[in-house]
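Chemist: sharing a model that was predicted from the sequence below.
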Amino acid sequence: MALRGFVLGLLMLSMYPGMSVEKVWGQSANRLCVKDSMEAQVCVNDTPKRIVSLAPSLTELAFELGAGSSLVGRTTRCNFPEEAKKVPDMGAYMKPDFEKLVAARPDLVLAPKTGIRPELIDRLRNLKIPVYVDDSLNIEDIRNVIINIAKLLGKENQATQIVDDMQSRRDRINEMVKGEKKATALFVVGIRPLVVAGSKSFLGSLIREAGGVNIAESVDVEYPKFSIEEVIRANPDVILILDKECHGEDCLNQWKNHIHLKAVQKNRIHELDADLMSRPGVRTIEGLEKLSNLLHPAVL
């Protein structure tokens with residue numbers, strides 16, 4: 001009987017040269033594979049119905065694609081959209097509860113590279129649970145992640161609408177700031193100690209995309225510590241601060257003793273929504289528009 005099945009398989013391959021070996025030997029005809037940000041192949045046999053997201057940006061993407069109802073797990077930090085808070089909590093962003101995660105019986109896990117321990121990913125894959133790892137560092141990376149995850153979820157049409165909208169808004173920004181003088185900017189992500197967005201960071205890529213010049217561009221680190229002396233020497237036109245660090249007057253008070261700075265003199269110290277700006281995902285284009293407006297208020 002086994003021999004007969006083997007011969008039949010060979011006959012089918014000879015009759016249909018384009019047929020994959022996977023389909024002949026009994027795997028699902030709906031099997032679909034994509035490569036994640038780490039170049040690892042992620043395969044699903046059917047459209048995932050039970051998804052766990054381990055990053056706020058990926059949770060937002062699932063809802064934006066219309067797959068929010070398939071989420072059976074998310075991290076505590078996943079707080080947008082409002083419906084995400086109804087999804088079962090798998091624990092902290094950097095330390096999800098592995099037992100809870102497995103008990104949710106996911107057929108796809110969406111995970112960030114930053115913050116998640118590699119051994120957790122390995123343990124999931126050893127259990128034959130598909131894991132897509134996202135390492136988006138710029139808008140092009142985000143675009144690719146949207147398209148790839150949409151393929152796995154059978155949401156290609158929704159993805160096309162999302163990336164087309166992102167690109168048209170991106171093109172508008174590029175056109176508006178073209179030829180404009182580039183404002184120098186400092187993007188603060190931590191106050192004590194002073195930590196800023198460097199050239200390798202996602203926020204650093206947004207400064208470039210928005211038509212600005214990062215005063216920490218020469219620092220080949222994602223988020224380096226910076227001294228106030230370095231800030232004074234660079235004398236940025238604009239100082240941007242994530243609102244997880246300060247609010248309102250508190251943001252200004254950090255710099256009021258440095259009146260010689262251009263950003264202080266011209267009242268160009270701005271706090272920005274940390275969730276909106278630091279999550280590389282579908283809302284990034286909104287963050288980019290806000291950033292561009294702050295760097296080029298005369299044209300945007």
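Modeler: Happy to help now that I have it.
Chemist: helices of the stretch 201-300 of the chain, start to end?
Modeler: 202-209, 228-234, 249-253, 262-265, 274-278, 284-295 (DSSP state H, counting those that start in this stretch).
Chemist: quick one: closest of those to residue 106.
Modeler: Taking CB to CB, helix 274-278 is the member of these nearest to residue 106, at 24.2 Å. The C-beta positions use only the backbone N, C-alpha and C, and glycine is treated the same way.
Chemist: so how far is the closest one off the chain centroid?
Modeler: On the basis of CA atoms, centre = their mean, to the nearest Å, helix 274-278 is displaced by 10 Å from the centre of the chain it belongs to.
Chemist: and what of stretch 240-249?
Modeler: That offset, for stretch 240-249, works out to 22 Å (CA atoms, centre = their mean).
Chemist: what are the buried residues along it?
Modeler: Buried residues in stretch 240-249, counted by 16 or more other CB atoms under 10 Å: 240, 241, 242, 243, 245, 246.
Chemist: surely the third one is in contact with residue 275?
Modeler: Okay, so that is residue 242. No - counting by CB atoms under 8 Å, residue 242 stays clear of residue 275, with 9.2 Å between them.
Chemist: pLDDT weak spots in this protein?
Modeler: Along the chain, the model assigns pLDDT under 70 to residues 1-29, 300.
Chemist: let me see the ranges of the strands in it.
Modeler: Along the chain, the stretches classed as strands by DSSP state E are 32-35, 41-44, 51-53, 71-73, 108-112, 131-134, 183-190, 195-196, 212-214, 238-242, 269-272.
Chemist: just to revisit the earlier point, now distance to residue 163 too, for the helices of the stretch 201-300 of the chain, in a markdown table please.
Modeler: A markdown table is the format used below for the helices of the stretch 201-300 of the chain (distance: least, CB to CB, whole Å):
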| stretch | distance to residue 163 |
| --- | --- |
| helix 202-209 | 15 |
| helix 228-234 | 35 |
| helix 249-253 | 34 |
| helix 262-265 | 34 |
| helix 274-278 | 19 |
| helix 284-295 | 10 |
